[in-house]
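> with the sequence up front, the predicted model follows.
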Amino acid sequence: MESEREGKAPESDEEPERGEIPDDEREALETIAHGAVLTSGGVAGQRALIAAAEFALTRGLGPTAYGVYALAWRIAQLLSRLVTFGSVPAIQRYLPEYADDAGRRGAIAGLAYATTIGFGVAIAAGVWLAAPEINARTVTEPAFAGTMRAFGGLVGLLGVVMVASALFRAVGSARGEILLNKLLRPAARLVGALAALALGYSVVGVAGAIVAAAGLLAAVAVPLSASVTGVRPTLRGARAEARRFYDHAVPVAMSSLGKVFQNRVDVLLVGALLTATAAGVYNVVLVVVAVAWIPLLSFNQLLPPVASELYADDRTATLNAVYGSVTRQIVTAVVPILAVLVVYGREILALFGETYVSGYGPLVVYLGGVFVGSAVGATGWLLMMTDHQYARMALDWLLAVLNVGLTYAFVVRYGLVGAALGTSLAIAVQNGIQVVLLRRFEGLWPFDRTFLTPLAAGVVAVAAMYGVRALLPGGAAVLVGSAVGLAAYAGALRLLGVDPRDRFVAKRLARRYRAALAERLGR
């Protein structure tokens, strides 16, 4: 575990926590929190670019055409989760192990690219043939088949970019992965969409422009990653590595397939059972909901390698303490985001157009699942890092089958709210089972009374935001109310008392960033 010491303050500044927090736990907490700060900036930028693209498309296409785009885009996104066929986790697993063998590293990269391109071509061909039938069974709009066929070609290109990004992450370049995968990918989509809209293209033309932008990005990403990481993909020696590579990749790919049916069947059922406009509304809901996942995604960036190291060293007690602290920090970060989205969700959805305000009910229901998923922390990663990945895969498939049936029934009965309800229940059930499995298998349990502090502070923040909403109308209430609510939240946390571990993390990171800023300004 790497620990950076620059900007270290005198020992007296740390004395209040010294007796309460063991040194190895302090190091782990600082490492994970620092990774979360770096990642949150990249993820926030990614979400902003995605929201900008969706805003431009909702305004430029209109509700029905945007619904056609949204359904085709979401199907392409689902397929992009499968196109690498487990290559990305395999890269993370084997490239660090082959650090001193450039030939084997190149063979792993070559296998990853070859696998992704092969599946990308197969998916594009399948989508081309299936697009008319998908249209007939879903939105029945003339433009859908052409849009879907264009996005079929996009899937393989996105897979190539994901493999190139994985090479950055595997060699420890978090910045490279964030730049390529989290910033340039959505930026390419935004640029392609804006260019097509400016030229007056239809939804099919918009899809084609996005594919072209993704192709340019993929053409740059492959040589860039090879140059920066030093990992040059080759198929020389790939046969010798293939068995081990696919032994790891195939179970992960099967788990990913199960996750698609478990957490994203709602998108398919909305398109199949409701209208194109409803598909567009639901897509905007998912864009807004994505903001609430930022804390969990950010803390999960460096938690897996830290957890793996602690588990390998048989430091289960430290792992449990770190798990509990990080999970509480995730809850502390996500509660004010949920408060803003619940109180001002209608006003935020209205930014995309009045049609999308009808998504407020599904938004609130979906946020319930986000809260449960965030409140239990990195349960899925911890199962994999403690050698229980097959238990997770079995659980993914069990809940996938259950979720398809439940979500179908909910969508038929409740419409868009039913789609959100099905997915939220799937998230809640899976994470609930996973946290129980972690306790049974490894004795890990994150919860104690300190989790009540951010929840109580959240109630104060919600009350403050509703007070502002009663006094101010429209968009002004969102800006002023969010600021007042966040101030009330911070004040309530301070009054109720912050856990020593959370205080330690805040002090250490503040000191670290002040030192880095002073160094930059002093140059």
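Cool, the structure landed.

> give me the number of residues near Leu273?
Look at Leu273: counted by other CB atoms under 10 Å, it has 16 neighbours. All C-beta atoms are positioned from the backbone trio N, CA, C, and that covers glycine.

> the residue lying closest to it once chain neighbours are set aside: what's it in contact with?
Nearest residue to Leu273, sequence neighbours excluded (CB to CB, 6 or more residues apart in numbering): Val411, at 5.2 Å. For Val411, the contact set (CB atoms under 8 Å, 6 or more residues apart in numbering) comprises Asp266, Leu269, Val270, Leu273, Leu274, Gly418, Ala419, Gly422.

> the first one reaches Thr423, doesn't it?
Yes: contact between Asp266 and Thr423 holds when scored by CB atoms under 8 Å: they sit 4.7 Å apart.

> mutual contacts of those two, please.
Shared contacts of Asp266 and Thr423 (CB under 8 Å, 6+ apart): Thr407.

> out of the contacts of Val411, grab the one that's most surrounded.
Sorting those by how many neighbours each has (other CB under 10 Å) puts Val270 first, at 32 neighbours.

> distance of that residue relative to Ala136?
Taking CB to CB, to the nearest Å as the measure, Val270 falls 16 Å from Ala136.

> cool, and Gly418?
23 Å.

> could you do Pro304 as well?
43 Å.

> neighbour count for those two, which is higher?
A count of neighbours by other CB under 10 Å puts Pro304 above the other of Pro304 and Ala136, at 17 against 11.

> point me to the helix or strand that includes that one.
Using DSSP states H and E, Pro304 sits within helix 303-312.

> so for that helix, what gets flagged as buried?
Buried residues in helix 303-312, defined by neighbour count with 16 or more other CB atoms under 10 Å: Leu303, Pro304, Pro305, Val306, Ala307, Ser308, Glu309, Leu310, Tyr311.

> isn't the fourth one up against Leu29?
No: under the criterion of CB under 8 Å, Val306 is not in contact with Leu29, lying 9.1 Å apart.

> who touches both of these two?
Contact criterion CB under 8 Å, 6+ apart; residues shared by Val306 and Leu29: Val322.

> returning to that earlier point: can you lay out the buried residues of helix 303-312 as TSV showing pLDDT and distance to Ile348?
Shown next, in TSV, are those (pLDDT from 0 to 100; distance: CB to CB, whole Å):
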residue	pLDDT	distance to Ile348
Leu303	76	29
Pro304	71	32
Pro305	67	35
Val306	74	35
Ala307	77	35
Ser308	71	38
Glu309	73	40
Leu310	80	39
Tyr311	78	40
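
> low-confidence ranges, the stretch 101-250 of the chain, go.
In the predicted model, the stretch 101-250 of the chain carries pLDDT under 70 at residues 172-174.

> so where do the helices sit in it?
Ranges of helices within the stretch 101-250 of the chain are 102-137, 144-170, 174-177, 185-198, 203-229, 238-263, based on DSSP state H, counting those that start in this stretch.

> pick the most deeply packed of the ones you listed.
Each of these was scored by mean neighbour count; the highest is helix 144-170, a mean of 25, by mean count of other CB atoms under 10 Å.

> packing partners for that one?
If you count contacts as 3 or more CB pairs under 8 Å, 6 or more residues apart in numbering; DSSP states H and E, helix 144-170 packs onto helix 63-83, helix 87-94, helix 102-137, helix 174-177, helix 203-229.

> distance from the chain centre to it, please.
Centroid separation for helix 144-170 versus its chain: 17 Å, with CA atoms, centre = their mean, to the nearest Å.

> repeat for stretch 439-450
Between the centre of stretch 439-450 and the centre of its chain there are 24 Å (CA atoms, centre = their mean).

> and for stretch 329-340?
Stretch 329-340 has its C-alpha centroid displaced from the chain centroid by 16 Å (CA atoms, centre = their mean).

> what sits up against it?
Residues from elsewhere that reach stretch 329-340 (CB under 8 Å, 6+ apart): 33, 36, 291-292, 294-296, 298-299, 367, 370-371, 374-375, 377, 451, 453-455, 457-458, 461-462, 465, 478, 481-482, 485-486, 489, 493, 502, 505.

> quick check: PyMOL command selecting the buried ones in those.
This is the PyMOL syntax for the buried subset of the contacts of stretch 329-340, where burial follows 16+ other CB under 10 Å:
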select buried, resi 33+36+291+292+294+295+296+298+299+367+370+371+374+375+377+451+453+454+457+458+461+462+465+478+481+482+485+486+489+493+502+505
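
> sitting in helices, which of the contacts of stretch 329-340 do you find?
33, 36, 291-292, 294-296, 298-299, 367, 370-371, 374-375, 453-455, 457-458, 461-462, 465, 478, 481-482, 485-486, 489, 493, 502, 505 (DSSP state H).

> chain neighbours aside, what residue packs nearest to the residue nearest to the spatial centre of the chain?
For the chain, the residue whose C-alpha lies nearest the mean C-alpha position (CA atoms, centre = their mean) is Leu297; its distance is 5.3 Å. Take Leu297 and drop its neighbours on the chain: the residue closest to it by CB to CB, 6+ apart is Val43, 5.5 Å away.

> distance of that neighbour from Ala188?
Computed as CB to CB, the Val43 to Ala188 distance reads 17 Å.

> against Val306, how distant is the closest residue to Gly208 other than its chain neighbours?
Counting by CB to CB, 6+ apart, Ala150 is the residue found nearest to Gly208 once chain neighbours are left out, at 5.1 Å. Counting by CB to CB, the gap between Ala150 and Val306 amounts to 42 Å.

> quick check, Ala170 in contact with Leu95.
Yes: look at Ala170 against Leu95 with CB under 8 Å: they come within range, at 3.9 Å.

> leaving aside the residues next to it on the chain, what's closest to Gly491?
Closest residue in space to Gly491, ignoring its immediate chain neighbours: Val460 at 7.8 Å, by CB to CB, 6+ apart.

> again with His388
Phe441 (5.8 Å).

> what comes into contact with stretch 314-321?
Here stretch 314-321 makes contact (CB under 8 Å, 6+ apart) with Pro22, Asp24, Glu25, Ala28, Ala307, Leu310, Tyr311, Glu442, Gly443, Leu444, Trp445, Pro446.

> what is the nearest of these to Leu216?
Taking CB to CB as the measure, Ala307 is the one of those closest to Leu216, at 37.6 Å.

> surely Leu61 meets Ala72?
No: if you go by CB under 8 Å, Leu61 and Ala72 don't touch, sitting 12.0 Å apart.

> these two: which has the busier surroundings?
Ala72 (33 against 23).

> gap between the helix or strand harbouring Ala56 and the chain center?
Using DSSP H and E, Ala56 falls within helix 23-61. Centroid displacement of helix 23-61 relative to its chain, using CA atoms, centre = their mean, is 9 Å.

> compute the inter-axis angle for that helix and helix 63-83.
Orientation check (axes from the mean of the first three to the mean of the last three CA atoms, to 10 degrees): helix 23-61 against helix 63-83 gives 140 degrees.

> thinking again about what came up before, quick check, pLDDT for the residue nearest to Leu273.
At Val411, the pLDDT value in this model is 89.

> next, the buried residues of the host helix or strand of it.
Here Val411, judged by DSSP H and E, is contained in helix 389-414. Of the residues in helix 389-414, 389, 391-393, 395-397, 399-400, 402-404, 406-408, 410-411, 414 count as buried by neighbour count, 16+ other CB under 10 Å.

> distance from the chain centre to that helix, please.
Helix 389-414 sits 20 Å away from the centroid of its parent chain (CA atoms, centre = their mean).

> now the angle between helix 87-94 and that helix, please.
Using the same axes, to 10 degrees, the inter-axis angle of helix 389-414 relative to helix 87-94 is 160 degrees.
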